[in-house]
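In: Make a model of this:
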Amino acid sequence: MKGIIFTEFISIVEQNFGLDISQQMFDDANDSGIYTAVGSYDHRQLIKLIISLSNITGISASQLQQTYGRLVFPSLLKALPIPNIEADDTLSFIRKVEQHIHLEVKKLYPDATPPKFIFNNQTQSTMTMDYHSSRCMGHVCMGLLEGCAHYFNQSLTITMQPMNDSQNHVRFSLTLTGN
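Out: Predicted structure coming up:
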């Protein structure tokens, strides 16, 4: 997993919970906390940090992942490998993530394994999308979808349906509910 995911997570934890909680999270996870945005790291380290933070704060790991996804969206948008990607709304941007952004990420970082989105159907205001990832971070994806809608100043209703026990396949149904 690319280091920007870790560095942004740490930044969000520090901003929202403070340095003491951040340090306790690292201590409890037996993690040095040394990450660089351009490095590559095992996603299981991020899971350990999330579980540690959940134990400290009493907030569920799934809620922390979803909140992280929502809050990290603007930073990831700025870091896109494709500058000025054109999209008029939430749903068109989500399609471009799979069609352009994930492809560029793989070109720039051959060892990267971004999630795969498969679009089952779409109208002007609805979309059904299957998320496939060995990292099983559907709640982060849900938060990213929320962050995307916020960026485009749109209201979005999202349902998330795990398609298997491991949750490496999750179906999202999205409906734009107004502007």
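In: for this structure, longest helix please?
Out: helix 61-78 (DSSP state H).
In: And the strands in this structure?
Out: Secondary structure of the chain (DSSP state E): strands located at 116-122, 126-132, 155-162, 169-178.
In: now those in a markdown table, with mean neighbour count, distance to F17 and mean pLDDT?
Out: From N, CA and C alone the C-beta is placed, and that goes for glycine too. Formatted as a markdown table, the strands of the chain follow (neighbours: other Cβ atoms under 10 Å; distance: least, Cβ to Cβ, whole Å; pLDDT from 0 to 100):
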| stretch | mean neighbour count | distance to F17 | mean pLDDT |
| --- | --- | --- | --- |
| strand 116-122 | 13 | 31 | 90 |
| strand 126-132 | 18 | 27 | 95 |
| strand 155-162 | 14 | 25 | 95 |
| strand 169-178 | 16 | 27 | 92 |
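In: Which one of those lies nearest to L64?
Out: In terms of Cβ to Cβ, the element of those nearest to L64 is strand 155-162, at 15.4 Å.
In: elements contacting that closest one?
Out: When contacts are defined as 3 or more Cβ pairs under 8 Å, 6 or more residues apart in numbering; DSSP states H and E, strand 155-162 sits against helix 138-151, strand 169-178.
In: Now distance to G39 too, for those, in CSV please.
Out: Output for the helices and strands packed on strand 155-162, formatted as CSV (distance: least, Cβ to Cβ, whole Å):
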stretch, distance to G39
helix 138-151, 19
strand 169-178, 27
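In: Identify the spatial nearest neighbour of P114, chain neighbours not counted.
Out: Counting by Cβ to Cβ, 6 or more residues apart in numbering, H102 is the residue found nearest to P114 once chain neighbours are left out, at 4.3 Å.
In: What's the per-residue pLDDT of the one you found here?
Out: Looking at H102, its pLDDT stands at 74.
In: Against P115, how distant is it?
Out: Going from H102 to P115 by Cβ to Cβ, to the nearest Å gives 8 Å.
In: now swap in Q45 and tell me
Out: Computed with Cβ to Cβ, the distance linking Q45 and P115 is 18 Å.
In: repeat for T7
Out: 19 Å.
In: ok, those two, which is more surrounded?
Out: Comparing T7 with P115 by other Cβ atoms under 10 Å, the one with more neighbours is P115, at 20 against 16.
In: So what's the residue count around the nearest residue to the more buried one once chain neighbours are set aside?
Out: Spatial nearest neighbour of P115, excluding adjacent residues (Cβ to Cβ, 6+ apart): S133 at 3.7 Å. Neighbour count of S133, defined by other Cβ under 10 Å: 19.
In: how far away is S133 from G143?
Out: Computed as Cβ to Cβ, the S133 to G143 distance reads 14 Å.
In: Tell me which other helices or strands the worst-scoring helix or strand of the chain on mean pLDDT touches.
Out: In the chain, the helix or strand scored least confidently by mean pLDDT, DSSP states H and E is helix 102-108, which has a mean of 74. If you count contacts as 3+ Cβ pairs under 8 Å, 6+ apart, helix 102-108 packs onto no helix or strand.
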